[in-house]
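>>> structure, please.
(2 chains)
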There are 2 protein chains.
Amino acid sequence: MSNFEPRRDGRFPLRALAGLLLISGCGALSAAPAGHNLMPAPESLQYAAGRLAVTPLFRVAVHGHDDARLRDGLFRLLRAAEERTGLTFPHTLAGGFALAEDATRASLVIECGGPAPAVPALGEDESYTLGVTATQAVLQAPTVTGVLRGCATLQQLLQADSAGWFLPAVSINDHPRFPWRGLMIDVCRHWQPLEVIKRNLDGMALVKLNVLHLHLTENQGFRIESRKFPRLHELGSDGLYFTQQEMREIIAYAAARGIRVVPEFDIPGHATAWVVGHPELASAPGPYVIEREWGVFDPVLDPTNPRVYEVLDGFLGEMAALFPDPYIHIGGDENNGVQWNASPRIQTYIKERNLRDNAGLHAYFNTRVHAILAKYGKQLIGWDEILHPDLPAGSVVHSWRGPEGIADATKHGFETILSNGYYIDLNHPGWEYYLNDPVPAGTALTAAQQKLVLGGEATMWSEWVTPETIDSRIWPRTAAIAERLWSPREVRDVPDMYRRLGFVSRRLEETGLRHESYLEPALRRLAGDQAAPAALAALRDFVDLLEPVRDYQRGRQQPGANQLTPLTDLVDCTRPDGAAARAFAAAVEACVFAPAPTGADFNVVSRQLAAWQQTAGILGPGLAGQSPRLLEAAPLVRALGEAGAAGRAAVQLLVAGQAPAAGWLQARLAELDLAAQPHAAAELSVMAPLRLLVVAAAEQDQRKTLGADAWRRHVQDMARPAVQP
Amino acid sequence: MSNFEPRRDGRFPLRALAGLLLISGCGALSAAPAGHNLMPAPESLQYAAGRLAVTPLFRVAVHGHDDARLRDGLFRLLRAAEERTGLTFPHTLAGGFALAEDATRASLVIECGGPAPAVPALGEDESYTLGVTATQAVLQAPTVTGVLRGCATLQQLLQADSAGWFLPAVSINDHPRFPWRGLMIDVCRHWQPLEVIKRNLDGMALVKLNVLHLHLTENQGFRIESRKFPRLHELGSDGLYFTQQEMREIIAYAAARGIRVVPEFDIPGHATAWVVGHPELASAPGPYVIEREWGVFDPVLDPTNPRVYEVLDGFLGEMAALFPDPYIHIGGDENNGVQWNASPRIQTYIKERNLRDNAGLHAYFNTRVHAILAKYGKQLIGWDEILHPDLPAGSVVHSWRGPEGIADATKHGFETILSNGYYIDLNHPGWEYYLNDPVPAGTALTAAQQKLVLGGEATMWSEWVTPETIDSRIWPRTAAIAERLWSPREVRDVPDMYRRLGFVSRRLEETGLRHESYLEPALRRLAGDQAAPAALAALRDFVDLLEPVRDYQRGRQQPGANQLTPLTDLVDCTRPDGAAARAFAAAVEACVFAPAPTGADFNVVSRQLAAWQQTAGILGPGLAGQSPRLLEAAPLVRALGEAGAAGRAAVQLLVAGQAPAAGWLQARLAELDLAAQPHAAAELSVMAPLRLLVVAAAEQDQRKTLGADAWRRHVQDMARPAVQP
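As a prediction, this is how the structure comes out:
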């Protein structure tokens, strides 16, 4: 499901729009007086007057149902609050938190109606209400899972000002829009060990995601211990796999947070690592070795071989016992047909059984696998290639290839989840994922079809991430997807999403995620021992103006790179959807489109542009000469300096109210086109607002003629780059 | 062995000297043209002309003995080099590194004489030689352990300049001075999980430490699973303990790096967590709860109770099977005698057996424990309180209380290791530990006694560290201790040690340690959501000028703090022995003691002082008002501003060559005394050079009278603060 070729994808608006849509500062986080800082936004929220002070006397009472999962969640909340505030709440001698016996004197009362299912379940009740007054907070929920969701809200609601820590007085009613809100992590292409999974589960819990989908088998690795068929993980993993004990630990860790764990065993394609230890299961003779490259490969299980079903029966039976969730994902994507086409035996089988073609054979295989899963009480889920007239009822279709996937699956009565448009590994900005709605306003789906849309999953394919960098590719953008899947459809104010994303990113960091903190040591390593502090600071500023190339460009930028390549390059120190670029875009729009801009209105932009040139100046001649690792940055450093110069020239014209000479705009745009070129798999993230700036400078004499609104559209149109081939 | 009360310790010179001794920049790391960047320094090293380029064609040949441990060590080296350089070396299809078949064409040839012992052993051969020429590097060692030590040297030798990555041409002969070079980690007072231990083992391997001493039982926690007596860990640990499976993983991880694992089970004192689950073993009736506070407590095993020896026999037998090292540490320290004194039965026992006193009873207990250990083939090691006429021969005495410990133990024929003077938890600067030699030049020990000194251990007691902060208390200072224990006695140039410490700190970070990278997220948490980037940067500069209070002061500064207190305060963001303070001290000495200082000589110091005042200005009024967490920093911010003002006044006088008015010096020193006061368990680390500056300003008219050298001593004497009560 992670393809290496780019594809047309109507869901993603032109990149050039990105900078123009967004307003967000990158300084201190800014509270909205009338808004809140929560993500996902609750179904309803009303502020009242007052606040509940959070002091060392903060004490909780538990009413109604009480159990270990509730206590664990509550204690995690209190411990997180202690670490953040530095306060120490009342403890028991046993080391836990002392609960209040007398609810009337408790700071927080939890009223829980009953237990959650032992295994977190699709569609279980996750609702809660939260009322905070100046004297007490009350969290009510029908189940323990609702209490956990309310605790995540409380963790985000806690804040401070000069008067101290507090919860604002508020009344919240909340429940999720979709029952399936997932994050898929591919632990195969690059291995991701236990601690990566655990800290991401903590992050998921904070934004109320409730499904961890683990992609466990792939051409590049077989990542789960099989005691029945140990050659699978022993020969297929380089020794990098989850033991069953570790997987039980993950499942328990997830369950404690109200999160399901759905395993994926990708068959019949994406199966190289399956057949390293068991070549007899493949559709062509072996031997096979673990695949190190990225792409779609030929090895595929042989649906005509009875031994394949014996092994699958044994293996899936073993996994069905290990994973308590009723769903097992069988992949089913991207079988390229090469081995099946080349096998006369397989083609004869297709004819003899009237299976028509490879797709028919694939459907036949799925039917057999479906029967095996059913025997073990499991439901089948697969990527959207499994959709076929013969797909057994009750299967779930996981849409990845295009927006039509959901419509197709639901039309045939299948439940479905959406990942098309949630491919966070492709490095698109958060707003694109955020606006991608599984059931958008004005959808063509019938009411019956809409009911079949269970939700969606962010997908983190791991071609280009290591345990060091993966958090920076998942977070904070996945919080925006979490909001799309939890919050009401109408919650889609992009600037406000970004404003709140700043807060939730801090909270995510406090849970132990390293999406920000991985950067400093990575930059030190890149800069080398001889870099002075000023050069390191300039490098930090520089990478904040870069982003990794999008979609599947990195493979073309680094053609020799594969699973064994160290991912410690400049591009690994850049992050998608940076706040600095958003801030610059906002500053450009604020001055260019101000009603009657004066010179002072351009000060923020001018300072930014001067700072870029200073950064480029520090990095340009010196640093690359000291560290061979920075040579690859040189073209981008030069581009930043030139882009800054073009921007400053534009600002001068705008401030002077002076039209440029003929040909000026074309020359500047040509320069910017060059500066926008990616190098070393990274590119400048500030090109759209720069184009806007030079177009505005060149077209300023049109302003009065056209009027403000039409001129704005005119400038935006002209600033949009031609679509890349 | 972690006491909570301060004690006289003649090994630590007056703190005021610290700033004056050291010369080290805090900018880019500086290579010494004639020196090297290795730590520990090899026994001998000669540079030659030329360098061996390290390119993507770098390939290794293994000659002679070859085994899995050698391969693992070699592959770790190559992988670390790939991640640091961004190069990809030749790989095999199986995912490992491709070795060169033809040694003449290999970049690195490893010639290994034979295997290392399956369990790393005290006194095993760790020697190696390394020769690098322009065409090839050759690493020769009699054993695999020597190869591992040579690989650590290679990892540090790899460097870059504008021409690329290379190993300098060099000839190294190396072997350790002491066979026991350890790091003790207390995992009891604050639990330290598997990942903390693993990353510290990686750090240890880089600086050639070879003993991980795990302090596994304490009043505050019983941290190892006992299958024979599960109540020990089940009731004594809050669920925070190593399973035996995890401990086997640690032991294997350590062995792969040539590191022994010596467990400590502290008895008969420090035993509260033992008796939570087994109160019948204590010398007074229970029940007991896990201790949350710090200090010395009463609970002690009852040496008169036969059941105690039954349990110890069972438990130590179980541990003897789990831990392959021949040494088991039984603690034996700080039994306060309260329970024994209070028990008529125990006192009667002492009289009836002619044991004389509590010390005699303790020695009797040790004799019985010694016999149990001997039965399981283990040797006893204990803290120096175990030294007693009845201590069985063959025991090892671990000296912690004072410099006399080694002399006392060796006088009685016992082998000994030194930790007195290596208490890194006490936050002293690295140079103090560095100059603390187990067998210093001019030692009074006889040759026979000297042979009994096995080495030493840095001790990381964990009252005040969490998994988040512990690395910053261990590293990089422990690398200086590692050099003391590995390198020749004559290697003791403090400025050069600090110069090289800068390099090794980077390499330690690259192994995964977080002694630097923990700081940024900790500061973000402390500063809160409303802090602007400039305020955060100022806070970063500010904590670089602070250090945590030394010795046992923190308990007095934070009297209510215990095991349950979140350690996320300002002090937890400060680090001992900061480079900024060293750099400032060096800058002050450079200008004050310059032969004929001009105004320009004071520029560096003036800029520093101005920067402090700016930092104080940013933090002073604004930040504390935004985050309640920073209120505790206010007195230190004020102190920094005032200290900066005093320093600037001194510089003005010095530049003007003008003596101050009468009383000026006394007023400034009084101000600096106030500014030097700790607050919130932190204190300014730049007071010594500031005192020097104001004294020099006040006494400048003495310069010509006294002559340069005498004046220097005069100023230094006057600048030294009165010894604190």
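>>> the helix or strand harbouring A:W612 - contacts with which helices or strands?
Following DSSP states H and E, the helix or strand that holds A:W612 is helix A:603-618. Applying 3 or more Cβ pairs under 8 Å, 6 or more residues apart in numbering or on different chains; DSSP states H and E, we find helix A:603-618 packed against helix A:533-543, helix A:579-592, helix A:634-656. To be clear about C-beta, it is placed using only N, CA and C from the backbone, and glycine gets the same treatment.
>>> can you give me the buried ones in the last one?
By that I understand helix A:634-656. For helix A:634-656, a neighbour-count test (16 or more other Cβ atoms under 10 Å in any protein chain shown) marks A:634, A:636-651, A:653-655 as buried.
>>> so what's the gap between it and the chain middle?
On the basis of Cα atoms, centre = their mean, to the nearest Å, helix A:634-656 sits 33 Å off its chain's mean C-alpha point.
>>> same thing with the first one?
On the basis of Cα atoms, centre = their mean, helix A:533-543 is displaced by 27 Å from the centre of the chain it belongs to.
>>> tell me, how many residues neighbour the closest residue to A:F297 other than its chain neighbours?
Closest residue in space to A:F297, ignoring its immediate chain neighbours: A:N219 at 5.1 Å, by Cβ to Cβ, 6 or more residues apart in numbering or on different chains. A:N219 has 29 neighbours, counted by other Cβ atoms under 10 Å in any protein chain shown.
>>> my read: A:N219 touches A:A273, true?
Yes. If you go by Cβ atoms under 8 Å, A:N219 and A:A273 touch, sitting 6.2 Å apart.
>>> shared neighbours, these two?
A:C188, A:I290, A:E291 (Cβ atoms under 8 Å, 6 or more residues apart in numbering or on different chains).
>>> most surrounded residue in these?
In the shared contacts of A:N219 and A:A273, the most neighbours by other Cβ under 10 Å go to A:C188, 32 neighbours.
>>> now the helices for the stretch 51-200 of chain A?
A:68-85, A:144-157, A:194-206 (DSSP state H, counting those that start in this stretch).
>>> A:L508 touches A:R477, doesn't it?
No. Contact criterion Cβ under 8 Å: A:L508 and A:R477 do not qualify, at 10.9 Å.
>>> which strand or helix spans the closest residue to A:Y423 other than its chain neighbours?
Nearest residue to A:Y423, sequence neighbours excluded (Cβ to Cβ, 6+ apart): A:T459, at 5.4 Å. Assigned by DSSP H and E, A:T459 belongs to strand A:453-460.
>>> over to A:G413?
Going by DSSP H and E, A:G413 is not in any helix or strand.
>>> can you name the residue of the stretch 301-450 of chain A nearest to chain B?
A:L322 (18.1 Å; Cβ to the nearest Cβ).
>>> double-check that residue against A:Q244; I have them as touching.
Yes. With contacts counted by Cβ under 8 Å, A:L322 reaches A:Q244, the gap being 5.7 Å.
>>> could you work out the end-to-end span of stretch A:124-132 for me?
25 Å (Cα to Cα, to the nearest Å).
>>> oh, I was asking about stretch A:238-246
17 Å.
>>> ok, back up a step: so which of the shared contacts of A:N219 and A:A273 reach chain B?
The subset of the shared contacts of A:N219 and A:A273 within reach of chain B, by Cβ under 8 Å from any Cβ of the partner chain, is A:I290.
>>> nearest to chain B, of the shared contacts of A:N219 and A:A273?
Using Cβ to the nearest Cβ, the shared contacts of A:N219 and A:A273 come closest to chain B at A:I290, 6.6 Å.
>>> residues contacting that closest one?
Here A:I290 is in contact with A:N219, A:Q220, A:G221, A:G236, A:S237, A:D238, A:T272, A:A273, A:V276, B:A94, B:G95 (Cβ under 8 Å, 6+ apart).
>>> most widely separated two among those residues?
A:N219 and B:A94 (15.2 Å; Cβ to Cβ).
>>> near chain B, which residues of the stretch 151-300 of chain A?
Contact residues, the stretch 151-300 of chain A versus chain B (Cβ under 8 Å from any Cβ): A:159-165, A:195, A:238, A:245, A:289-290, A:292.
>>> I'd say A:Q553 and A:A681 touch.
Yes. The pair A:Q553 and A:A681 passes the contact test of Cβ under 8 Å, sitting 7.1 Å apart.
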